[in-house]
Each structure stands twice: as structure tokens, then as C-alpha cells.
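> Provided below are the primary sequence and the corresponding predicted coordinates.
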Amino acid sequence: MTSANYEALLEQYTPLFDDILRGERAREAGRHLPLIPLRQLSDHGLGALTVPAEAGGEGAGYETTFRLLMDLAAVDANLAHMWRSHLSFCEYLKLIPDSKSRAQWWKRVLDGELGGSALSSQHNNADQQTLISRDDDKTLRIHGEKYYTTGTLASEWTIVNAAVEEDLAQTILRRRRRGGESGLSLDDVRSCLAIIRVRQPRVQVKDDWDGFGQRMTATGTLLMRGAGVEMLVETTSELSPVPIFHEATLDALMVGIGRAALRDGVEHLRERTRIFNTSSGDIPRSDSQMLGIIGQLSAQLAAAEELVRAIGREFDAGNLRQATLTAQRASVMVPKIVLDICNRIFDNLGASSTSTSWELDRHWRNARTLASHDPAVFKERMLGDWEVNAVPPRPYVSAG
């Protein structure tokens, strides 16, 4: 999808994004989940953004998708993270090998149904792992608990990472070997992804996320006590685009937050009339050092945005290896750039900018929380190993 297509989509969604921005600070102050704005996004067709055009969706490319995600994160970082989970859900749907099943899922998305993400727990105890089994009538059941479940509370579906019981794993192994995957071992099929319906009797989602940032992302504990499994999505050992998509979209969220922080910092600087006696200007907006800070932060933000867009271009060109490298580099630099922006806007605004009524701290809290999802220190090591020893970096998949 070309830049012209992006511009057309941005023009289409700008009125909605502007409306969402007007309520963002009130939602943050009152800790109100952005459930109505999320439904508005779906009603306006944004949920079908990445559904292939031949299936009736918008068929947006990756660069366009990342740009729109940055735009949305600049108006509401919590809502954008919920939408990111839906985008990731759609990426997993693309992995379904059976075209008929895939088409059925695309229809659900086109009908406005949303997907969440429930891939991680707070523990790595084998006795507490999420497990998929079959009951006596061969119905797939899932037992377990997840904690990091962004968007799940507000979605019809969620995708869960789980282990597979021994008998079921043997069945999957035999079927896949018959399908031509002769090199597989039992260990290769002991885990898979399960799509489950969120609103069913044996599923409970708690709004108990207690992080200091990203507080309204409809995330929290997901309890599954023999819940029905709608479908298994079996993973392969091949390089998959989904983990790189996860990294790129996390960076896109942070760039959007940086854009919001700089926007608020500039607006408050323009409005200020009080000046430090040590200043070089008559009013803050004419102080050369303050303008220099804004200029530097503007340049940093442009560099971060270009890194994210570059990942999208590599994706669109089918260069998955290069997209992986670019995503790793972005994941090193984007958090540093955005956290610096969220911090340094205060250097221009004085002590009054720490007023809770301004809520400028929300930008740093949101960015810091996102940056903690996938620590950059590991990316730095892997990039160094690539540069020196030609060892390809691995995308982040799980913690535990």
C-alpha cells in the first residue's frame, strides 16, 4: 500500500482520532477503560485494516499499519495498545493454513469482532502452566491462567499460548508428519496457540492490572477452567513474521507516545509567560535554549518514526531477515529516544508542569511500561553478536 493510500486512510480516520483525543485526559484521570472509543474504531472499519483485500478488508501494508498505529498512540496510548493486540490477533489468523477456516475468521473480523492477546503469565512454574487437553467427547479444553492479556477484557476472542497434553501432542505430530513435515519431533508440537471465546462460562477476565503505566488497556488476569477452545494455531520452527510484528508495533506505540509528549510540551511552552531570570528571552517561546531543546527532541522523534517505518517497508518487500534486524535496532533506540522526550519536556516548563492537573507524567509512565516489556539490553547484545559473529538475532517470543 502506497503513501497515497496512507494519506487517504489518515484523512478518513482523523475526525475520529480527534474525537478520541478530546476524551483521553479525562479517561486517564478517572481510569476509565476506552471501551467506547474501541468500539468506535471497530464501527469505522479500523479492525479490518489488515484483513486482505480479497477477503473484503482494507488490505493495508505494514508501513501504513505502523503509521496509523503511531497516529492513534499519539491520541490515546492505552487504546492504541488494545488495537495493537487486535492487529496481532489478525497476524496470527494469517498463519491458519486452511483457506476455508481463514475465510471464516476474516468474516468475523469484518463483522466487527475483536481479538485480544493472552500470551504471558507472571510465573514459570510447570505445575501452573496453561494446558490444552481433550475431554471424553474429543472437545478441546484449556486450563490455566494468564496475566498480560491486553485487550482481552474488551474483545470477543483472545489468543493464548499453551502447552499440549501428551496424547494430543502425539496426535498432532502424526498428522503433521503425514502432511509432509517429516523432521518434526514431539518437542516441536508440545506447545501451540489457542483461540478462545472470551465470553463463555469457564472463562473469567479480571481488570486487575496494577502497572503505573498503560493502566487502561483492558488487561489483567485471565482464568480458564476447562474453557472450550475454538481453534488451535500450530506454530512452526521457521522464522515467523509475528514476533517481529510484535516488536515493531511496540516501537510504534512508543513513537506515538513521544509524539504526544512533544505535542503537549510545545503547547504548554507556547502558553507560558513567566520566565526564569537566567533566561535568554523575554518569554519562554523566544528563549534560544528552550527552542533548542524542542528542536533536538523534534529531530529525535523524526528519527524514531523513520526506524519504525523502515521495518514496515522491509515487511512489505518480503525481506523478513532485514525486517528482523531493523526491528532489533529500533527496539534499542526508540525507547531511549522516547523516554528522553518524555523527560526533557519538563526542562522547558518549570515546576508547574508537575501539577497533576497537567498529567504530563502519563507519557513517561506509558513509555516506561512499554519499554519494560521487551528490554533493549538483550537486543544490544544480539545486534553486537550479529555484527561481530554473524549470529542472527532472535525476536522476543516469551518470558518465563
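Arrived safely, thanks for sending. None of the values given here were measured: they were computed from a predicted structure.
> those strands in this structure, which residues are they?
For the chain, the strands defined by DSSP state E occupy 115-118, 131-134, 140-146, 157-164, 191-197, 203-205, 222-228, 231-233.
> Looking at those strands, which is nearest to residue 100?
Closest of the strands of the chain to residue 100 is strand 231-233, at 12.2 Å (criterion: C-beta to C-beta). All C-beta atoms are positioned from the backbone trio N, CA, C, and that covers glycine.
> Relative to residue 193, how far out is residue 160?
With the distance defined as C-beta to C-beta, to the nearest Å, residue 160 ends up 7 Å from residue 193.
> Looking at the two now, which is surrounded by more residues?
With other C-beta atoms under 10 Å as the criterion, residue 160 and residue 193 differ in neighbour count, and residue 160 comes out ahead with 25 against 19.
> At the geometric centre of this structure, which residue do we find?
The centre of the chain sits closest to residue 84, judged by C-alpha atoms, centre = their mean, with a distance of 4.0 Å.
> For the residue lying closest to that one once chain neighbours are set aside, list the residues it contacts.
Across the structure, with C-beta to C-beta, 6 or more residues apart in numbering as the measure, the residue nearest residue 84 apart from its sequence neighbours is residue 249 (4.8 Å). When contacts are counted by C-beta atoms under 8 Å, 6 or more residues apart in numbering, residue 249 is found next to 66, 69, 84, 87-88.
> switch to 7 Å and redo it
Residue 249 makes contact with 66, 69, 84, 87 under the criterion C-beta atoms under 7 Å, 6 or more residues apart in numbering.
> Check residue 31 too.
So residue 31 contacts 215-216 (C-beta under 7 Å, 6+ apart).
> quick one on the thing from earlier: quick check: which of the strands of the chain is buried the most?
Burial among the strands of the chain, expressed as mean neighbours by mean count of other C-beta atoms under 10 Å, is greatest for strand 115-118, which shows a mean of 28.
> Against which helices or strands is that one packed?
helix 77-93, strand 157-164 (3 or more C-beta pairs under 7 Å, 6 or more residues apart in numbering; DSSP states H and E).
> May I have the strands that pair with that strand, each with its orientation?
With DSSP bridges as the test, strand 115-118 is paired with strand 157-164 (parallel).
> And for the partner strand, what's in contact with it?
By C-beta under 7 Å, 6+ apart, the residues outside strand 157-164 that reach it are 89, 92, 113, 115-119, 129-132, 142, 144, 146, 149, 152, 172, 189-198, 398.
> Same question for stretch 72-87.
By C-beta under 7 Å, 6+ apart, the list of residues contacting stretch 72-87 from outside reads 17, 20-21, 24, 34, 37-38, 41, 47, 50, 65, 69, 114-117, 150-151, 154, 214, 216-218, 249, 252-253, 256-257, 259-260, 366.
> Next, count neighbours for residue 381.
The number of residues packed around residue 381, counting by other C-beta under 10 Å, is 11.
> now it: how far from residue 240?
To residue 240, residue 381 is 22 Å away according to C-beta to C-beta.
> list the buried ones in the helix or strand of the chain with the lowest mean pLDDT?
In the chain, no helix or strand scores lower on mean pLDDT, DSSP states H and E than helix 166-178, which sits at a mean of 88. Using 16 or more other C-beta atoms under 10 Å as the burial criterion, the residues of helix 166-178 that qualify are 168-169, 172-173, 176.
> I figured residue 348 hits residue 270, correct?
No. Applying C-beta atoms under 7 Å as the test, residue 348 and residue 270 come out as separate, 10.6 Å apart.
> ok, residue 334 to residue 59 distance?
Counting by C-beta to C-beta, the separation of residue 334 from residue 59 is 27 Å.
> same deal with residue 141?
From residue 141 to residue 59 the distance is 36 Å (C-beta to C-beta).
> tell me the residue furthest from the middle of this structure?
In the chain, the residue that sits farthest from the middle, by C-alpha atoms, centre = their mean, is residue 277; the gap is 44.4 Å.
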